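Asks: Sequence and predicted structure are below.
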Amino acid sequence: MSNETTSTAASASSPLGGQPAPVNGDGISKDTRRRVIAASFIGNFVEWFDYAVYGYLAATIAVVFFPESSSQTGLLLTFALFAISFLVRPLGGFVWGHIGDKVGRRTALSLSILIMSGATFCIALIPGYNTIGIWAPILLLVVRVAQGFSASGEYAGASAFLVEYAPANKRGLYAAVVPASTAAGLLLGSLIAGLLTVLLSSEAMQSWGWRLPFLLAAPMGLIGRYIRTKLEDTPVFRELAAEDEAINAPVFSLFRNHWRLLLRAVGAVLLNAVGFYVILSYMPTYLSSELGLGKTESFLATTIALVTYIGFIFLTGMLSDRYGRKKVLIAASITFIVLTVPAFALLGTGNFLVIVLVQILLGAMLTLNDGTLPSFLAEMFPTRVRYSGFAVSFNLSNALFGGTAPFMATLLIAATANDLAPAWYLVGAAVISLVAVALSRETCKEPLRHE
């Protein structure tokens, strides 16, 4: 079997069953790749749109589901639910990794987006604490656990899907679509949450306004599932399946034969896990609740930063294709170690222009990691355990350190009375990731591994 796969004649046809489309040198049509990009984009977009809305409206959700608690306690409980939902993600990584490596990437992605969008839609239907009492936060927890389970296969699967379809010299750029879709979901979530905050009174927001964004998940999820079901699986997976080389228990093979890779991958993900949720999800709450910036200004600053973030993501993907995954990821860790604490100190000035510029800087620093990590992790593992290796490592690190990041940031500030506590937390994550990446090998110029 060749290391860098070529597609079958079927992959040169339109995914919708039309006439054969023009193909590139590797036999995969441009139309197919465009549809692969769209299919990979929309699932992460829906997922992170939900997480953005939950994070940006955390203060309102806290009042709806924990009205008898103080504002800080209610916020802690709201973020605790956010964190608890991540505990199921390693389990989801095992399940989706098994399906993706055993049955197919497309099958796993088509199922995960259906469960995820349905669970998000259900959030909008849960009555508040004043209506059904303690059952309100319990139901919210159940739905968020379902979201965590389904989302655990999304990022890894979409990244593997793109890398396995991408031209060999553009795997970094193609994989950057996944974090770009994440940022786009956050951007739309920020815009809608900010717009609702401006247009609606506090009473209206607490009564029904906060539910509106979650209702959008159903139609977006159905569109994403439709696109995915019209695609073939990746050429490398179809090649393995045709030769009957897909293994029966990919997760067991992962732990038995590739545990060193798995440990390095978990460490490499750590900075991304903490940085993503602190900088892109928790930041509006940090600016408004901890630093006293107005909610509207907090949303506006984050929105501006997210727009630039999307552009930086693709630039980083191209840089990693040119200079290598390790160099870019090491640069990301070093910049966080050196610049995070001074950047957070500048946020405390309260000057809106300074806050925007600092958020753009932090976002640019994060893109060095976020834009490179998907291709780095996908290339690290062989094809037969690629989905499992990516999903388990990514979700384990996110469960332990990512989903808990907003909670830990709020708790550390309360415990230390120091607004810079989240910055030091980020620095610690950057140090661990730096070591893990330094111990890994460069893969960007190599063909995808299949053994």
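Replies: Structure received.

Asks: make it CA atoms for all contacts and neighbour counts henceforth
Replies: Noted.

Asks: any idea how far Gly43 lies from Phe121?
Replies: 14 Å (Cα to Cα, to the nearest Å).

Asks: Who has more neighbours out of those two?
Replies: Comparing Gly43 with Phe121 by other Cα atoms under 10 Å, the one with more neighbours is Gly43, at 33 against 22.

Asks: other SSEs contacting the longest helix along the chain?
Replies: For the chain, the helix with the greatest residue count under DSSP state H is helix 295-323. When contacts are defined as 3 or more Cα pairs under 8 Å, 6 or more residues apart in numbering; DSSP states H and E, helix 295-323 packs onto helix 171-175, helix 177-199, helix 283-285, helix 325-347, helix 352-370.

Asks: ranking those helices by burial, who's on top?
Replies: The highest mean neighbour count among the helices and strands packed on helix 295-323, using mean count of other Cα atoms under 10 Å, belongs to helix 171-175: a mean of 29.

Asks: That one packs against which elements?
Replies: Helices and strands touching helix 171-175, by 3+ Cα pairs under 8 Å, 6+ apart, are helix 154-165, helix 295-323, helix 373-380.

Asks: Not including adjacent chain positions, what is the nearest residue to His428?
Replies: One thing to correct before we go on: residue 428 is Gly, not His. Nearest non-adjacent residue to Gly428, counting by Cα to Cα, 6 or more residues apart in numbering: Ile337, 7.8 Å away.

Asks: from what I can see the one you found touches Val431, true?
Replies: Yes: using Cα atoms under 8 Å, Ile337 is in contact with Val431, at 6.9 Å.

Asks: I'd like the distance between Leu426 and Trp96.
Replies: To Trp96, Leu426 is 29 Å away according to Cα to Cα.

Asks: and the two? which has more neighbours close in?
Replies: A count of neighbours by other Cα under 10 Å puts Trp96 above the other of Leu426 and Trp96, at 32 against 25.

Asks: if I pick the closest residue to Gly403 other than its chain neighbours, what's in contact with it?
Replies: In space, and not counting its chain neighbours, Gly403 is closest to Ala83: 4.4 Å by Cα to Cα, 6+ apart. For Ala83, the contact set (Cα atoms under 8 Å, 6 or more residues apart in numbering) comprises Ala399, Gly403, Thr404, Ala405, Phe407.

Asks: I figured the second one was touching Val278, is that so?
Replies: No: taking contact to mean Cα under 8 Å, the distance of 9.7 Å between Gly403 and Val278 leaves them out of contact.

Asks: Dump the C-alpha coordinates for the helix or strand that contains Ile138 into CSV.
Replies: With secondary structure defined by DSSP states H and E, Ile138 is part of helix 135-151. Output in CSV follows, covering the C-alpha atoms of helix 135-151 (Å, rounded to 0.1, in the frame of the first residue of the first chain):
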residue,chain,number,x,y,z
TRP,A,135,-34.7,19.6,38.2
ALA,A,136,-33.7,22.6,36.1
PRO,A,137,-30.0,22.4,36.7
ILE,A,138,-30.2,18.6,36.7
LEU,A,139,-31.7,18.6,33.2
LEU,A,140,-29.2,21.2,32.1
LEU,A,141,-26.4,18.9,33.3
VAL,A,142,-27.9,15.9,31.5
VAL,A,143,-28.1,17.8,28.2
ARG,A,144,-24.6,19.2,28.5
VAL,A,145,-23.2,15.7,29.2
ALA,A,146,-24.9,14.6,25.9
GLN,A,147,-23.3,17.5,24.2
GLY,A,148,-19.9,16.7,25.7
PHE,A,149,-20.2,13.1,24.5
SER,A,150,-21.1,14.0,21.0
ALA,A,151,-18.7,16.8,20.7
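
Asks: Show me the contact partners of it.
Replies: If you take Cα under 8 Å, 6+ apart as the criterion, helix 135-151 is touched by 47, 65-66, 81-82, 84-89, 91-93, 112-113, 115-116, 119-120, 122-123, 126-129.

Asks: Return the subset of those lying in strands.
Replies: Among those, DSSP state E puts none in strands.

Asks: Is there a quick ChimeraX command that grabs whichever of those residues are buried?
Replies: Applying 16 or more other Cα atoms under 10 Å to the contacts of helix 135-151, the buried members can be selected in ChimeraX as follows:
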select :47,65,66,81,82,84,85,86,87,88,89,91,92,93,112,113,115,116,119,120,122,123,126,127,128,129
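
Asks: Which residues in stretch 159-174 does the neighbour count mark as buried?
Replies: Neighbour-count burial for stretch 159-174 flags 159-168, 170-174 (criterion: 16+ other Cα under 10 Å).

Asks: just these: which has the poorest pLDDT?
Replies: Here the lowest pLDDT out of those sits on Ala168, with 87.

Asks: so that one touches Pro447, yeah?
Replies: Yes: the criterion here is Cα under 8 Å, and Ala168 meets it with Pro447 at 7.2 Å.

Asks: Could you list the low-confidence segments of the stretch 101-250 of the chain?
Replies: Low-confidence segments of the stretch 101-250 of the chain (pLDDT under 70): 244-249.

Asks: if we can go back for a sec, what's the closest of the helices and strands packed on helix 295-323 to Arg225?
Replies: Arg225 lies closest to helix 177-199 among the helices and strands packed on helix 295-323, at 15.7 Å (Cα to Cα).

Asks: how much does the closest one deviate in direction from helix 295-323?
Replies: On the basis of axes from the mean of the first three to the mean of the last three Cα atoms, to 10 degrees, helix 177-199 is oriented at 170 degrees to helix 295-323.
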